[in-house]
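**Student:** I would like to see how this sequence folds:
(2 chains)
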Protein chains: 2
Amino acid sequence: MIKIGILGYGNLGKGVEAAVKKNSDMTLTAVYTRRDPASLTIQTENVPVKSTADLDTGKEDIDVLVICGGSATDLPEMTPRYATMYNVIDSFDTHAKVPVHFANVDKAAKSANKIGIISCGWDPGMFSINRVYASAVLPDGEAYTFWGKGVSQGHSDAVRRIEGVIDCRQYTIPVPAALERVRNGENPELTTREKHTRECFVVAEEGADLARIENEIKTMPNYFSDYDTTVHFIDAEEMKLSHSGLPHGGSVLYAGTTSADTRHVIEYRLTLDSNPEFTGSVLIAFARAAARLNAEGGSGAKTVFDIAPAYLSQTSGEELRAHLL
Amino acid sequence: MIKIGILGYGNLGKGVEAAVKKNSDMTLTAVYTRRDPASLTIQTENVPVKSTADLDTGKEDIDVLVICGGSATDLPEMTPRYATMYNVIDSFDTHAKVPVHFANVDKAAKSANKIGIISCGWDPGMFSINRVYASAVLPDGEAYTFWGKGVSQGHSDAVRRIEGVIDCRQYTIPVPAALERVRNGENPELTTREKHTRECFVVAEEGADLARIENEIKTMPNYFSDYDTTVHFIDAEEMKLSHSGLPHGGSVLYAGTTSADTRHVIEYRLTLDSNPEFTGSVLIAFARAAARLNAEGGSGAKTVFDIAPAYLSQTSGEELRAHLL
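**Tutor:** Below is the predicted model of the structure:
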């Protein structure tokens, strides 16, 4: 059995916990929290909630620590730190800072002969893998990534920070006409606005100036100003009833040519009922790889690009060749 | 530069030749044939056509030999033989005989410290990779493979063997309703007949008994009797005009759950203008991996499951992390 520890028990930590239950070669040994452990109740019976102080001893009996923190401040600090004590995996998704994070985790993990897998999930993660396979197979081509329809937590949070807003759920939606052109192999040049639209469901305070809120959303730099955005004001009850899930998904599309008149289109598409549960499932499959790579003597930082598919599977190489090849 | 040799110059050999031209780190050093080399003209200037007798010396200056033979009789003999002299790769697709072929190539390649990659292309190949990733990430789920719309060479050949038939092009077509049910995450049980239909375009000899031919096609065991098949009789001119390409494609669909009400659907879809050119492109990306694995000291048989995505790409690990993660 592969012994899994989870650090952080937000949506992602809960998704990892659900994933462990689906994998018969794994067991959850503990959930670690920076909060008071007594304040947390988890979904798995007979598994302790512990303090990060226990983790800091470096003596916890776990094969892989799944670090479920935020990319802005948690992971840049946590992943290198715990890579000096345990095999670790995270879902770091600040693209611009990947090289620095990789270098920090690599140095830490090598110093302790541990494996540290970074930036694992679906994007970065499964989508990244598909961008690499497609561009390696068809070097004369172009990749397009579309996200949605799905809830963007970052955009929902940004709206919640506007004065007068109680709650928000923001959906990112691919533009169907753009998707269709790419699927047809046209390799169009698409602006940000042409690829996605954004739709916000907002619960406002009583008496709030709705026109001002709508304008603040639509003109918000980086988050909304480059997109066509629709804003709907709803009440708290409708929010709970119709927008409590965290669905997401999207497509990596790649069109390339192999000779003058010969064009091929590759599409990898995800339709996910729960973003955190799917992300947790990807983390757990790669956690298996981390344990195996380390058992073979491997160490240092890895990404999804560095790991052969067979390492993710419970099934033996012989069985994979006999049944899935 | 990675030096590529091609053994066999049918549709697939030509597809590999086209792929080499799209990869700036590769060069075609020779095409090898069992026919009289003087009888072959290839598409690449200043590259010799040689006899397999040259290859048999074991002294040809190539990094990877791409073996473009048939799975029935060529590859079981050729791939192990040449794995004792060169790094090799093939597209062996007789699923039931993969374990034996793998063992033969493994023994041969290890004896010579060479790499032998077997069963590479899109199915087996890219589709297999997607079956493994999906089932590893969502162990509680089910995989479905749909082929087409595309030309099946095996089925076209089977019809050509019927008395009175001059030519045939057989298209395999997924049943839209079945595809839709799987995309909706229903995980239906589907019979062979419910998944695909078959459509044949046949050029018959003048005066041939068309009703007999149609009946022989529709009742042919293994090939057609388990499917709903449509037969169209056309003339040679229309065959040339409308059915001279070798398009193909299909989808690997996978639906799985991570908790009681949470379902996810993964789809990997290919739409290919030319089956042999795309297959050749996959072979060439994995040929790069073969050369690298061998340069690192690796030996023995491998499949697509054993090779990390980064090995396929011309791009360095640093660049991949910076731009495709």
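**Student:** buried sites along the helix or strand bottoming out on mean pLDDT in chain A?
**Tutor:** In chain A, no helix or strand scores lower on mean pLDDT, DSSP states H and E than helix A:153-160, which sits at a mean of 94. Residues A:155-156, A:158-159 are the ones in helix A:153-160 that count as buried (16 or more other CB atoms under 10 Å in any protein chain shown). (C-beta placed from N, C-alpha, C; glycine too.)
**Student:** ok now stretch A:190-206, how far from the chain's centre?
**Tutor:** 21 Å (CA atoms, centre = their mean, to the nearest Å).
**Student:** a markdown table for the buried residues of helix A:153-160, including distance to chain B?
**Tutor:** A markdown table is the format used below for the buried residues of helix A:153-160 (distance: CB to the nearest CB, whole Å):
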| residue | distance to chain B |
| --- | --- |
| A:155 | 21 |
| A:156 | 20 |
| A:158 | 24 |
| A:159 | 25 |
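**Student:** wait, does the helix or strand that the least confident helix or strand of chain A is followed by contact chain B?
**Tutor:** As assigned by DSSP states H and E, the chain's next helix or strand after helix A:153-160 is strand A:165-174. No - in terms of CB under 8 Å from any CB of the partner chain, no part of strand A:165-174 sits within range of chain B; the closest distance is 14.8 Å.
**Student:** what mean pLDDT does strand A:165-174 have?
**Tutor:** Computed over strand A:165-174, the mean pLDDT rounds to 97.
**Student:** what packs against the least confident helix or strand of chain A?
**Tutor:** Judged by 3 or more CB pairs under 8 Å, 6 or more residues apart in numbering or on different chains; DSSP states H and E, helix A:153-160 is in contact with strand A:165-174, strand A:196-204.
**Student:** Just checking: what are the partner strands of the shortest one?
**Tutor:** If I follow you right, that is strand A:196-204. Strand A:196-204 pairs in its sheet with strand A:165-174 (antiparallel), strand A:228-233 (parallel), by DSSP bridges.
**Student:** Can you say which of those strands is packed in most?
**Tutor:** strand A:165-174 (a mean of 20; mean count of other CB atoms under 10 Å in any protein chain shown).
**Student:** the inter-axis angle of that one versus helix A:153-160?
**Tutor:** On the basis of axes from the mean of the first three to the mean of the last three CA atoms, to 10 degrees, strand A:165-174 is oriented at 140 degrees to helix A:153-160.
**Student:** Beyond strand A:165-174, next helix or strand please.
**Tutor:** Per DSSP H and E, the first helix or strand lying C-terminal to strand A:165-174 is helix A:176-183.
**Student:** For that following helix, give me every contacting residue.
**Tutor:** Residues outside helix A:176-183 that contact it (CB atoms under 8 Å, 6 or more residues apart in numbering or on different chains) are A:144, A:146, A:188, A:190, A:194-195, A:251, A:253, A:255, A:265, A:267, B:271.
**Student:** So which bits of the stretch 51-200 of chain A are right by chain B?
**Tutor:** So the stretch 51-200 of chain A meets chain B at A:95, A:98-99, A:102, A:119, A:124, A:126, A:128-133, A:135-140, A:143, A:183, A:185 (CB under 8 Å from any CB).
**Student:** now, which of the residues you listed lie within helices?
**Tutor:** Within those, residues falling in helices by DSSP state H are A:98-99, A:102, A:126, A:128-133, A:135-137, A:183.
**Student:** Would you mind writing the PyMOL command to select the buried ones in those?
**Tutor:** The following PyMOL line selects those of those that are buried, judged by 16+ other CB under 10 Å:
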select buried, chain A and resi 98+102+126+128+129+130+131+132+133+135+136+137+183
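**Student:** of all the ones in helices among the residues of the stretch 51-200 of chain A next to chain B, which comes closest to residue A:203?
**Tutor:** Nearest to residue A:203 among those is residue A:126, at 33.0 Å by CB to CB.
**Student:** Could you look up the SS state of the spatially closest residue to the closest one that is not a sequence neighbour?
**Tutor:** Nearest residue to residue A:126 in three dimensions, chain neighbours excluded: residue A:282, at 6.2 Å (CB to CB, 6 or more residues apart in numbering or on different chains). Three-state call for residue A:282 (DSSP: H, G, I helix; E, B strand; the rest coil): helix.
**Student:** is it true that residue A:282 touches residue B:136?
**Tutor:** No - judged on CB atoms under 8 Å, residue A:282 makes no contact with residue B:136 at a distance of 9.1 Å.
**Student:** shared neighbours, the two?
**Tutor:** Taking CB under 8 Å, 6+ apart as the contact rule, residue A:282 and residue B:136 have no neighbour in common.
**Student:** ok, the one residue in the stretch 1-150 of chain A that gets nearest to chain B - contacts?
**Tutor:** Nearest to chain B in the stretch 1-150 of chain A, going by CB to the nearest CB, is residue A:136, at a distance of 3.8 Å. With contact taken as CB under 8 Å, 6+ apart, residue A:136 is in contact with B:285, B:288, B:309, B:312-314.
**Student:** Next: residue A:282.
**Tutor:** Residue A:282 sits next to A:120-122, A:125-126, B:137 when contact means CB under 8 Å, 6+ apart.
**Student:** how is chain A carved up into domains?
**Tutor:** Listed domain ranges for chain A are A:2-123+A:276-320, A:127-273 (source: automatic domain parsing).
**Student:** Of those domains, which stretch is the most buried?
**Tutor:** It is domain A:2-123+A:276-320: most buried of the domains of chain A by mean count of other CB under 10 Å, with a mean of 20.
**Student:** For chain A, just list every one of the strands.
**Tutor:** With DSSP state E as the criterion, chain A has strands at A:2-7, A:26-33, A:49-51, A:64-67, A:87-90, A:115-117, A:141-147, A:150-151, A:165-174, A:196-204, A:228-233, A:248-259, A:262-272, A:300-302.
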